[in-house]
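**Student:** Please work out how this folds:
(3 chains)
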Amino acid sequence: MRIVHYINQFFAGVGGEEAAGAPLEEKEGAVGPGRLLEQLMGGDAQVVSTLVCGDNHAVENQDAVVAAVVEKVRAAKADLFVAGPCFEAGRYGMISGAACVAVEAELGIPAMTGMHVENPGVDLYREGLYIVDSGKSAAEMKGVMGKIVAIAQKRLKGEPIGKPGEAGYLARGLILDAFVEKKAGHRLVDMLMAKVAGEPFETEMPVSSFQATPMPAAIKDISKSKVMIITDGGLVPRGNPDKIVGMAATTWGTYSIEGRDHLKGKDYEISHGGYDQRFVEQDPDRLVPLDALRELEREGAIGELHNEFISTSGLANPLSNTRRMGKEMVEKVRAEGVNAVILTST
Amino acid sequence: MVQITSALPIAKMIGSNRTVLGHGIVHVAGDPNLSPEEEKNLRRKLVKQAMAALESEEKE
Amino acid sequence: MELTIVRHQVTDIQFGGETRLEGDCLVINADDLCAHLLEDDRLVGADLEIVHPGEDTRAGSVFDIIEPRAKAPGGSPDFPGILGEVATAGQGTTHILEGAAVTVLNEMSAAERGGRQDRILEMSGPASEHSHYATLHHLILVSRTREELAPHVRMNAGRLASVKAAVYLARAGMGEEPASSETYGLVGPAVAGHEGLPRVAYVGQIYSRQRSPEVDEQIVYGVNTNGMMPLLLHPNEWLDGAIVPAYVLSLGGQETYFYQNHPVIIDLYRRHWARELNFVGTVATIAATDNDDRDRNCHASANFVKWGLGADAAVLTKFGGGVPHMDMAVTANILESKGVNTAVMVSDMSGDRRVESALLFNFPDVDAVVYCGGDDTKWTLPEAGRAIAGDAVTARTLAAVREVGAASVVGVTNQQGATHIQSVIY
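**Tutor:** Residues are numbered from 1 along each chain as shown, chains lettered A, B, ... in the order given. Have a look, this model is predicted:
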């Protein structure tokens, strides 16, 4: 059982922040917490090589460092790769996460790491990796390494890992069905009663927050701006030429409004399904407010209305689609020299 | 960007910075119960609110 | 408001002579039942079949499943507003045939009735293991209505026939020695004897206004929820025929059977009797399509819970998809801000089975969430030996081998909290 272990300059005993610029180095055998890792794995497990890198160097040269790590793990013929655990150290968490993902993808061997839930590496990598919940304090190294080892061994044997709470890893955010003993109605009342009594309870879906989107600066003078309409209400030209689907749409379309003062129901249809479409079918301006914007354009209240609108369907659309589509739309918006977008949503 | 929607709680949750309350999920920029003229006024007002939001540094 | 449920056990159903309960065998005179249903001249026929647990049988598409129940004289009417006169449900004695069900199939295809999800009843095989309905003896009913009638009229006739059949069967139990009985009553905001215990309320959505109901669709006390604002109901009203599901169910499943056997209400009653809590009452509400309506309904529901019922805590369930999910969360959030602890029951809205996509609300105080599942559970169902279809489109392929998701098998997923499938986060 050959293991390669990645650690930062601090855990390797090289130094603190002053050594954070140290480049990637390979040392034979286990170093620092790697000895604990080897011991806990037991049997014939050996940390054959330890990769040490300064945190600053790692994040500033992430692609190169990750590539080098992958090559060294390959050359070492490792069966298992462990990075960290990183606790609260953010740069350490970022590089460990990136390295683990690359090792798994390119070498097909299990990679393990550990971080505190607020380590920025968690949000980025939790879905693709088993990240053991290490808590903040490195004083807990033994327990944390123990959990890393336990999960690694299960993965190597192909055994089921179990739920995050039980096995000690941070929830990856993947959802799987299970038939459980208690029906949902009972679980609901159970949970409420625990909450009322001030007892700990395990919610079946955690509250979580989205990262704030930075607010773009205000437009100084909209009478000089080029404005464009985007909608997620699924309004498309009759016949749906781009075949945008109503649910979980993966595509969006751009449709000309050149020379038009308003939208006529007979020229359009709706591909959505999540709202009663009659009213927009009667008058699509109720979704894409072309008539009002044309009027304001004529009056000089806005500089110019771009001659196309963008449309897709927002119904039951996972973020994996909408994030990408949003980015693609931004490219189009920029390419057309548009300064401001009005997005209408159902 | 400014978002006109009736699903404000969702928009705010995912971080939409400039939002204007729409006039109903099924007719976000309209109202079939109004006369055509009243409806156009409503729509115009909504769009002007959107424009004001674009010109404002205030998160709404 | 005292409701006594008298249980008669049914372990077999047969067609036969006079309609009666013979021991625990329900004998049905099919002609007599048909004649009774055809008193409504909108019907031209009624197809009846009997199905037992373990049979290699599939039926579809399912309109509703109703437990045979009938009111003894002197109490509330049967299904007030639909069958009986409009009066408060939930009082007096209700005879039930436990172990039996009237399962009503749609006469019209999904396209004809603007419906979305077609669900099947599976009596054996891999899917059946997870559905309570596979353990029951069913009278399968398809009402045949006059084709020249407008679709909404035909559906109204079908709804009436469904409750008539359920009442007709249960009447066979009246006069027979019951197996057991239970009394539900003496709960409410001003009832004495449970002081010092947490005061708990239930807020249940009964419809989502994303879809406009038919003008004569009967959901609560025989009306379609147009213009409805939240309603204060005694728990017994839910259990005793005040509410039935809409014609079109969006996601998750609701059947009259699990209003009659409402898992949340019954659990709250049990804990009330065990003196764990003080069950103070319920609110029935709807999900809105418009921000103002949402705010009105959510605040009104919260106010009923806080000020009308004086509750310290509440559990909430929804009817439908994303918009109802949001309304329920907003209601819970308002309650939390008024110092009322809440727990909510959601279904999976992610689409891609990732938690990040599943969150339609982010209210830090709404932190107690039961997460129902069903989106990645599928079965390959074998060819059915016997297939009972209500409409011609379904009949063509019902018997065939098919891939179905959990949401398409009635009784596997349910937004009333009746089933065991959970979305687990890994």
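**Student:** Please make it C-alpha for all contacts and neighbour counts, starting now.
**Tutor:** Noted.
**Student:** remind me, longest helix of chain B?
**Tutor:** Across chain B, the helix with the greatest residue count (assigned by DSSP state H) is helix B:36-54.
**Student:** hey, which helix or strand in chain C has the poorest pLDDT?
**Tutor:** helix C:355-358 (a mean of 80; mean pLDDT, DSSP states H and E).
**Student:** how distant is that one from the center of its chain?
**Tutor:** 28 Å (Cα atoms, centre = their mean, to the nearest Å).
**Student:** what does stretch A:151-162 give?
**Tutor:** 25 Å.
**Student:** Return the mean pLDDT over that stretch, rounded to an integer.
**Tutor:** Mean pLDDT, computed over stretch A:151-162, is 95.
**Student:** In it, which residues are buried?
**Tutor:** A:151, A:152, A:153, A:155, A:161 (16 or more other Cα atoms under 10 Å in any protein chain shown).
**Student:** That stretch: end-to-end distance?
**Tutor:** End-to-end span of stretch A:151-162 (Cα to Cα, to the nearest Å): 9 Å.
**Student:** Same check on stretch C:25-41?
**Tutor:** Stretch C:25-41 has an end-to-end distance of 31 Å (Cα to Cα).
**Student:** Can the least confident helix or strand of chain C be said to contact chain A?
**Tutor:** Yes: contact of helix C:355-358 with chain A (Cα under 8 Å from any Cα of the partner chain) involves C:355, C:356, C:357.
**Student:** Tell me how many other residues surround the closest residue to the last one other than its chain neighbours.
**Tutor:** Taking Cα to Cα, 6 or more residues apart in numbering or on different chains as the measure, residue C:357 lies nearest to residue C:350, with 4.6 Å between them; neighbours along the chain are not counted. Neighbours of residue C:350 under the rule other Cα atoms under 10 Å in any protein chain shown: 20.
**Student:** Quick check, pLDDT for residue C:350.
**Tutor:** 84.
**Student:** Show me what the helix or strand of chain B with the lowest mean pLDDT is packed against.
**Tutor:** Least confident element among the helices and strands of chain B, by mean pLDDT, DSSP H and E: helix B:8-13 (a mean of 74). When contacts are defined as 3 or more Cα pairs under 8 Å, 6 or more residues apart in numbering or on different chains; DSSP states H and E, helix B:8-13 packs onto strand B:19-21.
**Student:** Contacts for the strand it packs on, please.
**Tutor:** B:2-6, B:8, B:11-12, B:46, B:49-50, B:53, B:60 (Cα atoms under 8 Å, 6 or more residues apart in numbering or on different chains).
**Student:** can you pull the buried residues of the least confident helix or strand of chain B?
**Tutor:** Those would be B:8, B:9, B:10, B:11, B:12, B:13, for helix B:8-13 by 16+ other Cα under 10 Å.
**Student:** The least confident helix or strand of chain C packs against which elements?
**Tutor:** helix A:319-335.
**Student:** Tell me what the nearest residue to residue C:120 once chain neighbours are set aside is bridged to.
**Tutor:** Distances taken as Cα to Cα, 6+ apart place residue C:60 nearest to residue C:120, at 4.5 Å, with adjacent residues excluded. According to DSSP bridges, the residues that bridge with residue C:60 are residue C:120, residue C:389.
**Student:** what's the spacing between residue C:60 and residue C:129?
**Tutor:** Per Cα to Cα, residue C:60 is found 18 Å from residue C:129.
**Student:** What are the buried residues along stretch A:37-53?
**Tutor:** A:37-41, A:45-53.
**Student:** okay if I get the residues of helix C:355-358 next to chain A as TSV plus distance to residue A:122 and neighbour count?
**Tutor:** Formatted as TSV, the residues of helix C:355-358 next to chain A follow (distance: Cα to Cα, whole Å; neighbours: other Cα atoms under 10 Å in any protein chain shown):
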residue	distance to residue A:122	neighbour count
C:355	14	22
C:356	13	17
C:357	17	18
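**Student:** For chain B, what lies in contact range of chain C?
**Tutor:** Neighbours of chain C within chain B, by Cα under 8 Å from any Cα: B:6, B:7, B:8, B:9, B:10, B:13, B:23, B:24, B:25, B:26.
**Student:** Tell me the residues of chain B that contact chain A?
**Tutor:** Within chain B, the positions near chain A by Cα under 8 Å from any Cα are B:1-7, B:13-17, B:24-32, B:40, B:43-44, B:47, B:50-51, B:54-57.
**Student:** just how off-centre is the least confident helix or strand of chain B within its chain?
**Tutor:** 13 Å.
**Student:** Tell me the pLDDT of residue A:137.
**Tutor:** On the pLDDT scale, residue A:137 gets 91.
**Student:** mind listing what it touches?
**Tutor:** A:87, A:88.
**Student:** what helix or strand is residue C:48 on?
**Tutor:** For residue C:48, the element it lies in under DSSP states H and E is strand C:43-51.
**Student:** Now for residue C:336, how many residues are close by?
**Tutor:** Count around residue C:336 with other Cα under 10 Å applied: 20.
**Student:** Chain B versus that one, what's the distance?
**Tutor:** From residue C:336 across to chain B, the span is 16 Å (Cα to the nearest Cα, to the nearest Å).
**Student:** And chain C, split by domain according to the record?
**Tutor:** C:3-181, C:189-377 (automatic domain parsing).
**Student:** Can I get those domains in JSON lines including distance to residue A:217?
**Tutor:** Output for these, formatted as JSON lines (distance: least, Cα to Cα, whole Å):
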{"stretch": "domain C:3-181", "distance to residue A:217": "44"}
{"stretch": "domain C:189-377", "distance to residue A:217": "26"}
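**Student:** Nearest approach to residue A:99 belongs to which of those domains?
**Tutor:** domain C:189-377 (22.7 Å; Cα to Cα).
**Student:** quick one on the thing from earlier: looking at residue C:60 and residue C:129, which one has more neighbours?
**Tutor:** Taking neighbours as other Cα under 10 Å, residue C:60 and residue C:129 compare with residue C:60 leading, 27 against 15.
**Student:** Contact partners for that one?
**Tutor:** C:105, C:106, C:118, C:119, C:120, C:121, C:388, C:389, C:390, C:394, C:398.
**Student:** The same query, at a cut-off of 7 Å, please.
**Tutor:** C:105, C:119, C:120, C:121, C:388, C:389, C:390, C:394 (Cα atoms under 7 Å, 6 or more residues apart in numbering or on different chains).
**Student:** Residues touching whichever helix or strand residue C:157 is part of, excluding its own?
**Tutor:** Here residue C:157 sits within helix C:151-171, counting by DSSP H and E. Helix C:151-171 has contacts (Cα under 7 Å, 6+ apart) with C:37, C:42, C:66-70, C:82-83, C:95-97, C:102, C:104, C:113, C:143, C:145, C:214, C:216-217.
**Student:** measure the closest residue to chain A within the stretch 151-300 of chain C to residue C:20 for me?
**Tutor:** For the stretch 151-300 of chain C and chain A, the shortest gap (Cα to the nearest Cα) falls at residue C:264, measuring 4.8 Å. According to Cα to Cα, residue C:264 and residue C:20 sit 33 Å apart.
**Student:** neighbour count winner among the two?
**Tutor:** residue C:264 (26 against 20).
**Student:** Checking the nearest residue to the more buried one once chain neighbours are set aside next. Helix, strand or coil?
**Tutor:** Counting by Cα to Cα, 6+ apart, residue A:185 is the residue found nearest to residue C:264 once chain neighbours are left out, at 4.8 Å. At residue A:185 the chain is in helix, as set by DSSP: H, G, I helix; E, B strand; the rest coil.
**Student:** State whether residue A:185 and residue C:418 are indeed in contact, as I suppose.
**Tutor:** Yes: applying Cα atoms under 7 Å, one finds residue A:185 in contact with residue C:418, separated by 6.1 Å.
**Student:** Flag every residue of chain C that's near chain B.
**Tutor:** In this structure, chain C approaches chain B at residues C:289, C:290, C:291, C:360, C:361, C:362, judged by Cα under 7 Å from any Cα of the partner chain.
**Student:** cutoff 10 Å now
**Tutor:** For chain C, the residues in contact with chain B (Cα under 10 Å from any Cα of the partner chain) are C:210, C:288-294, C:323, C:326-327, C:329-330, C:359-363.
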